[in-house]
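1. I would like to see how this sequence folds:
(chains A and B, ligands or ions: 2)
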Amino acid sequence: MARYGMVIDESKCVGCNACRVACQNQNNLAPYEAYNHLEEREYGAFPNYNREFLPVQCQHCDNPPCVRVCPTGASHKRKDGVVLVNEDKCIGCKYCIAACPYNVRIIKKEGYIEKCRFCIEFVEKGETPACVTTCMTGVRMFGNLDDPNSEISRFITKHKLKQFKAEINTQPRIYYRKA
Amino acid sequence: MAEHDYLKGLKISRRSFLKASAMGAGAFVLSHELLDFKSWVHAQTEAPVITFPTFCNGCGNRCGIIASVKNGRLWKIEGNPEANGNLGVVCPKGHGYLHDLYNPQRLKSPLKRAGDKFEPISWEQAYKEISEKINLILMDKGPQSLFWVNYPQSNHQYALRLMHALGSPHYFTHGSTCYTARNAGWVTTVGQLPSNDLSNAQYILIIGRNPAGGINLGQVKCIVEAKGKGAKLVVLDPRHSETAILADEWLPIKPGTDLAFLLGFINVLVKEELYDKKIVSEKTVGFKQLVEEIVNYPPEWVEKICEIPAKTITRIARDMAQVKPKALIHRGYHGAFGAQYLNSFQTARALAIANSLLGNINRKGGIYFAKSALLGELQPKHPAPEFPKMGKLDGTGVPGRYPLGSYGDGIAHAIPELALRGELKAGFVYHNNPLRTNPNPKRVMAGYKKLELLVVIDTVLSETASIAHYVLPESFYLERDEALDTKHSGKRAQVSIQQQVVKPLYNTRPGTQIIIELAKHLGVEKYFNFNIEEANQLRLKPLGVTLGDLKARGVLFVGENWKEGFDKLETPSGKVELYSETLKKLGFPPVPKWEEPFVSPDPRDPHSFRLLHGKQAIHTHSMTANQPYLMAISHRYDMIRLWMNRLRGSQLGLKDGDWVKIKSTVGEGKVRVRLTEGLHPSCVWLPSGYGIFSKHLNTAYDIGLNYNDFLPTYFDPTVGHSMSSEIVVNVTKA
Ligand code: SF4
Ligand code: SF4
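-> Ligands and ions are numbered 1, 2, ... in the order given. Predicted structure coming up:
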């Protein structure tokens, strides 16, 4: 069984938002509904200045607080590690939104809660998530963490990567390469 | 603030969403009466997907894309991996702009002005009335009183053909507000506009260009590839641009002084004999005269002008010389010297010369002459009209007027002047919106309103369409079969095609078809006895590929591979013209010479700033601001703000997000500020996609400002460009 994960190379993101809109199209989202967002950070003083964009989406935590607080089991973790919301079971109580430390869950216009699904229906057909394939600088890498020969596993072994807010022990399956 | 608070008006209800999705469907018609949303999503996921290769119209890059249609409705696009220009990826505008297909504000039939309003009319009536009026004007005032202006698309040659068939020289592009200074600088120096071999370069210096914001996907991919191989990237820009995020070094130059930087750079190459001696002796003319002038610009002098340390200039020149010819200074586009300052033409010249001294002209990892597909002709089967006898009234190419101006582009922002003087009487505006994208809109409006006949061809009621006598609705780019395109040049040329992905939703027609039908009504059908299919066949013939193959793939490689080096350039001397006899004769400096910007902010006045502008990755000109998917991003990240250096802002008592009033000699407006350390203190920077004032575009209406509102009408003396950064504004807390 595959165990899916992602690498996000922060040093390459130029904040264009192509990933946001590609994802919206892939998932038939409305203009203001987005599964990923960018956090812009500025450093230094003129002229020794720099800024960076941090792309953030559901981290598909191995220890997901959203799943723990969900009273109906709508938020759940699949065997392959992908965290999903079952909209039939979702009562829109928003506990998961409060519990998620990454601010990535949205209220859909239909009333239930959604978030990045790692494009799992497409991945199962052999495709790659839309945010990965559209990016002109190649910020994201997606693949099977359990296969030591996958591109992503080799990348993770080779580089020093960090998990977002690792200290709170959510154990994300997204690994960041710092700028 | 939560995202949806900004965008209350935008919510698409589930019901209308479902209705819209069922509308275009064929065999898989679904409706919300039959299925709940979940089943609908499931049906969506499982529905067969049909894909069509075509190219995007979200901006002028015309990227190769694969469009997916599900249940008869356009679903998404992806990059065509074979296309030179975008190498398999798509930008946010591409993904967002496709939704304009289902924009309820689209034009649905031809319109005729009736007082303050428009009334729908048939195509037949529109053609008949337009051609009657034009024929009267032509008889009365002569063919030169008619013009066509467009932001070129693949079919621009048919528009040109129509103007020539009618005897008018007045075909214009948007070039004079965009790139004509850059082009002229390169053409005068090396005979043509080259490309950048970014992926093979070891050192890339970018001056003012921002391919990660004013998106060029292929270029960004190549920069990332080069960096992966260890290349160094330096960005010289008053603003920390999106490209600067990728750079090893950001050099915030004082705006308008890029020429001084380049003169200092050349000074170091010459003084330290770091230039390519073989190339200079064999392939250039005027090195002696260049040296005589360039000794005036030691880096210590340059530092005082452009505020980049002398030792940095020296270091960059040395480091680039070390890896030459695999070192390049980006050929540029609009930013810094496309159509920005009085000194832009000389800046482009100096940049071309600096590259030449690095010996990189037509070299791997340098500046190279890209291969572009040479399409076949329609003649002899379809005779070409004669070239008009009369010259252009805007003075392009005329000594004493704008001698280096490009005849092919013309000076489109002179159209209002020519209309006010009564020299132009009737015009077509196609895929262009001069009322919003030309300097000083009050004057542009006065000029265009003076026309006896204004016909606008567009997909929505833009500012310009709003004042037209007739509006002809063009089919959306995903609805139309169009002319072949040669935009995707590169190491090997490509030909590409735009084709129908979904059937037109409304009573609209493809641009080329409109041109052909206009020709028939205007009595010049003998030059237009073809349809787009036949024209495409004929033009493809010499390339040795078939239309069927092209339609199946979207893009095809044609012709020979690029080769390094050159024998003879298309300059008068056949060599790189470090010194230009042509310029001497015309009374311009024959070797680049320092020239101040035309206007500069007052350094003693805390309210005085230069107004700069630039693109964000999410917007194209005035075309995309009305697209809810893209405007949602502008609001979500508060991107409509004016950038200002934090220190200057605090001197004015400003906090981040405060409203300010900005005022120039021609306009004023209010906007909120973004205070940042990432901008040179002498300027403010305005993103260029906003300030829509057409009431028919309600997502974008009255949001943000546009730099054109503050720009006086200028024509630089070399090419007649708009000098669009020669703006001093007064900024006060609102
Ligand atoms: S597409 Fe890539 S560069 Fe653009 S915002 Fe997303 S991650 Fe960043
Ligand atoms: S750069 Fe973006 S908007 Fe322009 S043609 Fe390419 S995908 Fe379309």
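2. Which residue is the nearest non-sequential neighbour of the residue of chain A positioned farthest from its centre?
-> The outermost residue of chain A relative to its centre, with distances by CA atoms, centre = their mean, is residue A:47 at 33.5 Å. Nearest non-adjacent residue to residue A:47, counting by CB to CB, 6 or more residues apart in numbering or on different chains: residue B:252, 4.8 Å away. Where C-beta positions appear, they are placed from N, C-alpha and C, glycine not excepted.
3. Please see if the longest strand that chain B contains touches chain A.
-> Ranked by number of residues, the top strand in chain B under DSSP state E is strand B:668-676. Yes: remark: strand B:668-676 sits within contact range of chain A at residue B:676, by CB under 8 Å from any CB of the partner chain.
4. who's in contact with residue 129?
-> Since you didn't name a chain, this refers to chain A. A:6, A:23, A:26, A:118, A:119, A:122, A:123, A:140, A:142 (CB atoms under 8 Å, 6 or more residues apart in numbering or on different chains).
5. Oops, wrong one, chain B.
-> B:112, B:121, B:470.
6. what's the helix or strand for it?
-> Following DSSP states H and E, one finds residue B:129 within helix B:123-141.
7. Now that helix: average pLDDT?
-> Throughout helix B:123-141, pLDDT has a mean value of 97.
8. The stretch 51-200 of chain B against ligand 2: which residues are in contact?
-> B:56, B:58, B:59, B:61, B:62, B:63, B:86, B:90, B:91, B:93, B:94 (CB under 6 Å from any ligand atom).
9. Just give me the neighbour total for the first one.
-> Taking other CB atoms under 10 Å in any protein chain shown as the criterion, the count of residues near residue B:56 is 27.
10. Okay, it and chain A: tell me how far apart.
-> Distance of residue B:56 to chain A, computed by CB to the nearest CB, to the nearest Å: 12 Å.
11. correct me, but that residue touches residue B:78?
-> No: the pair residue B:56 / residue B:78 is not scored as a contact, 10.8 Å apart, by CB atoms under 8 Å.
12. quick one: contacts for the residue farthest from the centre of chain A?
-> Taking CB under 8 Å, 6+ apart, one finds B:250, B:251, B:252 in contact with residue A:47.
13. Kindly present those residues as TSV, with separate columns for distance to residue B:231.
-> Shown next, in TSV, are the contacts of residue A:47 (distance: CB to CB, whole Å):
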residue	distance to residue B:231
B:250	16
B:251	17
B:252	22
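14. one step back: okay, and the common contacts of residue B:56 and residue B:78?
-> Counting by CB under 8 Å, 6+ apart, the shared contacts of residue B:56 and residue B:78 are B:65, B:90.
15. I'd like the distance between the residue of the stretch 451-600 of chain B found nearest ligand 1 and chain A.
-> Closest contact between the stretch 451-600 of chain B and ligand 1, by CB to the nearest ligand atom, is at residue B:488 (21.5 Å). From residue B:488 over to chain A the distance is 16 Å, taken as CB to the nearest CB.
16. Return the residues in contact with that residue.
-> Contacts of residue B:488 by CB under 8 Å, 6+ apart are B:62, B:64, B:83, B:84, B:85, B:494, B:495, B:496, B:555.
17. Then it would be within a helix, right?
-> No: Residue B:488 is assigned coil when assessed by DSSP: H, G, I helix; E, B strand; the rest coil, not a helix.
18. I'd like the distance between it and residue B:323.
-> Distance, residue B:488 to residue B:323, by CB to CB, to the nearest Å: 29 Å.
19. Kindly report the same for residue A:125.
-> For residue A:125 relative to residue B:323 (CB to CB), the value is 45 Å.
20. Compare the two (neighbour count), which wins?
-> More neighbours surround residue B:323 than the other of residue A:125 and residue B:323, with 15 against 9 (other CB under 10 Å).
21. what about the closest residue to that one other than its chain neighbours, neighbour count?
-> Once flanking residues are discounted, residue B:323 sits nearest to residue B:202: 4.2 Å by CB to CB, 6+ apart. Other residues near residue B:202 come to 19 when the count uses other CB under 10 Å.
22. In what element of secondary structure is residue B:279 found?
-> Short version, using DSSP H and E: residue B:279 is in helix B:277-283.
23. before we move on, back to that, which members of the residues of the stretch 51-200 of chain B next to ligand 2 occur in strands, if any?
-> Going by DSSP E, the strands hold none of these.
24. Beta-bridge partners for residue B:494, please?
-> residue B:557 (DSSP bridges).
25. Can you name the residue of the stretch 451-600 of chain B nearest ligand 2?
-> Closest point on the stretch 451-600 of chain B to ligand 2, by CB to the nearest ligand atom, is residue B:487, at 9.2 Å.
26. so how far is residue B:53 from the residue of the stretch 451-600 of chain B closest to ligand 1?
-> In terms of CB to CB, residue B:488 sits 13 Å off from residue B:53.
27. shared neighbours of the two, which are they?
-> Counting by CB under 8 Å, 6+ apart, the shared contacts of residue B:488 and residue B:53 are B:64, B:555.
28. circling back to that earlier point, from the contacts of residue A:129, which ones fall inside helices?
-> A:23, A:26, A:122, A:123 (DSSP state H).
29. need the residues you listed in a markdown table with neighbour count, can you?
-> Listed next are the ones in helices among the contacts of residue A:129 as a markdown table, based on neighbours: other CB atoms under 10 Å in any protein chain shown:
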| residue | neighbour count |
| --- | --- |
| A:23 | 24 |
| A:26 | 24 |
| A:122 | 16 |
| A:123 | 19 |
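30. Run the chain-centre distance for the longest strand of chain B.
-> Computed by CA atoms, centre = their mean, to the nearest Å, the separation of strand B:668-676 from the middle of its chain amounts to 25 Å.
31. same for it, what does it pack against?
-> strand B:642-645, helix B:646-651, strand B:659-663 (3 or more CB pairs under 8 Å, 6 or more residues apart in numbering or on different chains; DSSP states H and E).
32. rerun that using 6 Å as the cut-off
-> Where contact means 3 or more CB pairs under 6 Å, 6 or more residues apart in numbering or on different chains; DSSP states H and E, strand B:668-676 is packed against strand B:642-645, strand B:659-663.
33. Bridged to the spatially closest residue to residue B:77 that is not a sequence neighbour, which residues?
-> Excluding its sequence neighbours, the residue lying closest to residue B:77 (CB to CB, 6+ apart) is residue B:65, at 4.5 Å. For residue B:65, the beta-bridge partners under DSSP bridges are residue B:54, residue B:79.
34. so residue B:101 touches residue B:476, yeah?
-> Yes: taking contacts as CB atoms under 6 Å, residue B:101 lies within contact range of residue B:476: 4.8 Å.
35. Please export the alpha-carbon coordinates of the helix or strand where residue B:684 lies; CSV is fine.
-> Secondary structure assignment for residue B:684, by DSSP H and E: strand B:683-687. Extracted in CSV, the C-alpha atoms of strand B:683-687 (Å, rounded to 0.1, in the frame of the first residue of the first chain):
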residue,chain,number,x,y,z
CYS,B,683,9.3,55.7,-5.8
VAL,B,684,5.9,54.2,-5.2
TRP,B,685,4.8,51.2,-7.2
LEU,B,686,1.3,50.4,-8.4
PRO,B,687,0.2,47.0,-9.7
